[in-house]
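# Any chance you can model this:
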Amino acid sequence: MIDSEGYRLNVGIILCNAEGRLFWAKRIGQHSWQFPQGGIRRDESPEQAMFRELAEEVGLRPEHVQVIGSTRGWLRYRLPKRLIRESCQQVCIGQKQIWFLLRMRCDEEAVQLDLSERPEFDHWQWVDYWYPLRAVVPFKRHVYWRALHELAPLLSTSALSRRVSVRRHAENHAAEAARTSTVIQHVTVLQMQRVENSQNPVITRMVVATRRLSTLDSSSSSATPTVPETIAALEEGLEARPSRSATSGRHRWSPR
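Sure thing, here's the model as predicted:
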């Protein structure tokens, strides 16, 4: 679709990987390298045209990429006179483009350059962000410079947000792991206490009674309870405490 000024409506695609390097493709049968791009049809929006061109030229579907942003308006470049087709019914003097910045979310094996009947590229590679300004053909250099400069802050912000998200995820995971570990340790202690008490109730009562008898011996100079009295108290499963008789002066054990 060509506007009244002779510019063909077009989309440009800047595709980056997780490290911020850019997809740079070689035109089939030529030594010219560029970003993927293509015309906008009358029945589609710039974003729809971008996804169509991405599938035709690179072989990627919408689920393979994340749309980071796009240029705010149209960016134009004029074609050299040798490339203008004067014989066409509507002469195209250049391209009028909306540029999209995408991040690849899939493995590189998903890239396929030969899905369409007329492939646009026959080779591709990852390059540094500003490398295309030196390598693109001169008549596209200005529009590449404008697109890369306008979209660079979006890439930086997106990378920062991704790092913050990864750090928060790691912190949440560590906190959850610590909380889970604490809960498991607490439950284990309670279970050990229950098992010990339930399996050895008599021994526990005997130990308690013996300790109390030892305390009584160390704090009082009077005679200790007789063996039959102690055994009788243990057999009844009752805790005992000493009480002094006012008449005999001996310790008696009475249930509490």
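
# How about Lys140, nearest residue that isn't a chain neighbour?
Counting by CB to CB, 6 or more residues apart in numbering, Lys140 lies nearest to Tyr77, which is 5.6 Å off, once chain neighbours are set aside. No exception for glycine: its C-beta is placed from N, CA and C like everyone else's.

# Kindly report the same for Glu56.
Of all residues not flanking Glu56 in the chain, Ser116 sits nearest, at 4.5 Å (CB to CB, 6+ apart).

# any idea how far Gly38 is from that neighbour?
When distance is defined by CB to CB, to the nearest Å, Ser116 is 10 Å away from Gly38.

# Compare the two (neighbour count), which wins?
Neighbours were counted for Ser116 and for Gly38 using other CB atoms under 10 Å; Gly38 has more, 19 against 13.

# Just list the residues touching the more buried one, thanks.
10-11, 49, 52-53, 56-57 (CB atoms under 8 Å, 6 or more residues apart in numbering).

# What about the residues you listed, which are in strands?
Counted as lying in strands by DSSP state E, out of those, are 10-11.

# Now for the contacts of Gly38: which two are most distant?
Taking CB to CB, the two most distant members of the contacts of Gly38 are Asn10 and Glu56; they sit 13.8 Å apart.

# out of these two, which sits in the more crowded spot?
When neighbours are counted by other CB under 10 Å, Asn10 comes out ahead of the other of Asn10 and Glu56, with 23 against 16.

# hmm, back to that, give me the element the residue nearest to Glu56 is part of.
Mapping Ser116 onto the secondary structure by DSSP states H and E places it in no helix or strand at all.

# thought it was touching Glu57?
Yes - counting by CB atoms under 8 Å, Glu57 is a contact partner of Ser116 at 7.2 Å.

# residues near the nearest residue to Leu9 once chain neighbours are set aside, how many?
The shortest distance from Leu9 to any non-neighbouring residue, by CB to CB, 6+ apart, is to Ile40 (4.2 Å). In terms of burial, Ile40 registers 22 neighbours under the definition other CB under 10 Å.

# And His142, by the same measure?
For His142, the count of nearby residues is 15 (other CB under 10 Å).

# What of the one 3 residues further on?
For Trp145, the tally of surrounding residues (other CB under 10 Å) stands at 15.
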